[in-house]
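Enquirer: Output the structure for:
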Amino acid sequence: MARKAVAQELSRERILTEARELFATFGYRALTMRSIAKAMGYSHGALYYHFNEKAELFYALIKDDFALLLQRQREMIVREHGFSVNLLQKLMMEFVWFGLSNPNHYEMMFMINEPELQQYSRTEQAQCLDMFAIVIREVMADQPGAESRKFTLPWNLFMSLHGFISYCIQFKLSYEDARKLADEHIRLICVSLDVDSAELQRPLVKMVGPNVLKSIVI
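Expert: I've put the predicted structure just below:
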């Protein structure tokens, strides 16, 4: 009965809110379930009522972050009503905005290298890349050699953006600080694709695969 009362008082939401600040301040490795609970003024048993291990607690944080990012990307794609270089530019800038406006979140989602976390976040990372890849493949569909690059090109462009964001985070540049640089970086990426945005606007309904379409609009 006492354990239930403590668990109700120390809600899952409160744990996530305070744990996020602790992870951002001290880093993943420096914390344990015991030290997190101590910082919150509770016994570590209260945390175990909600989470089985530290990695599960951390994953609960980044899972919410991935859901937010994916939802913003889906909404942008649906608003555009079609695939174009303009949409691709907006999608890339949205990714930069998210990373630099939420640097602690981004580091937790994409930059922490901990073996015990790998089993948790791979699905969400893959979903972000898949969303990006769908747009690139549609934009590039009629270009020579597009089929042979349909897997490597999205990965290379994604990593180019990731490198830009990681560099800015390392040197504590905000989105406003880096916006002009991001515009130029993304413009050069799109120029390298050799696609004229004025000539290409693929309707969203062209994506005849129901599972692919569902992955975007849901």
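
Enquirer: rest of the way, CA atoms for contacts and neighbours
Expert: OK.

Enquirer: Would you list the phi and psi of G82?
Expert: With angles defined as degrees, to the nearest 10, G82 sits at phi 170, psi 170.

Enquirer: what sits opposite it in the beta ladder?
Expert: Beta bridges link G82 to P203, judged by DSSP bridges.

Enquirer: Give me the neighbour count for it.
Expert: 20 (other CA atoms under 10 Å).

Enquirer: same check, this time on I15
Expert: 19.

Enquirer: so what's it up against?
Expert: L47 (CA atoms under 8 Å, 6 or more residues apart in numbering).

Enquirer: Report the separation between it and F58.
Expert: Relative to F58, I15 is positioned 11 Å away (CA to CA, to the nearest Å).

Enquirer: list the buried ones in the helix ranked longest in the chain?
Expert: Longest helix of the chain, by residue count under DSSP state H: helix 54-80. Across helix 54-80, burial judged by 16 or more other CA atoms under 10 Å covers 54-55, 57-63, 65-66, 69-70, 73-74, 76-77.

Enquirer: ok, now stretch 20-27?
Expert: With the criterion 16+ other CA under 10 Å, stretch 20-27 contains buried residues R20, L22, F23.

Enquirer: The most centrally placed residue in the chain - nearest residue in space that isn't next to it in sequence?
Expert: In the chain, the residue lying closest to the centroid (CA atoms, centre = their mean) is F66, at 4.8 Å. With CA to CA, 6 or more residues apart in numbering as the criterion, F66 has its nearest non-adjacent residue at 6.3 Å, and that residue is E124.

Enquirer: The stretch of helix or strand that neighbour belongs to packs against which elements?
Expert: Following DSSP states H and E, the helix or strand that holds E124 is helix 115-139. Under the contact definition 3 or more CA pairs under 8 Å, 6 or more residues apart in numbering; DSSP states H and E, helix 115-139 sits against helix 54-80, strand 82-83, helix 85-101, helix 152-170.

Enquirer: try 10 Å
Expert: helix 54-80, strand 82-83, helix 85-101, helix 152-170, strand 202-203, helix 210-217 (3 or more CA pairs under 10 Å, 6 or more residues apart in numbering; DSSP states H and E).

Enquirer: quick one: I134 and K150 touch, right?
Expert: Yes - using CA atoms under 10 Å, I134 is in contact with K150, at 9.3 Å.

Enquirer: coming back round to it: same list, the helices and strands packed on helix 115-139, but as TSV with mean pLDDT and distance to R187 please.
Expert: TSV is the format used below for the helices and strands packed on helix 115-139 (pLDDT from 0 to 100; distance: least, CA to CA, whole Å):
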stretch	mean pLDDT	distance to R187
helix 54-80	91	19
strand 82-83	85	17
helix 85-101	94	7
helix 152-170	95	12
strand 202-203	52	20
helix 210-217	47	25
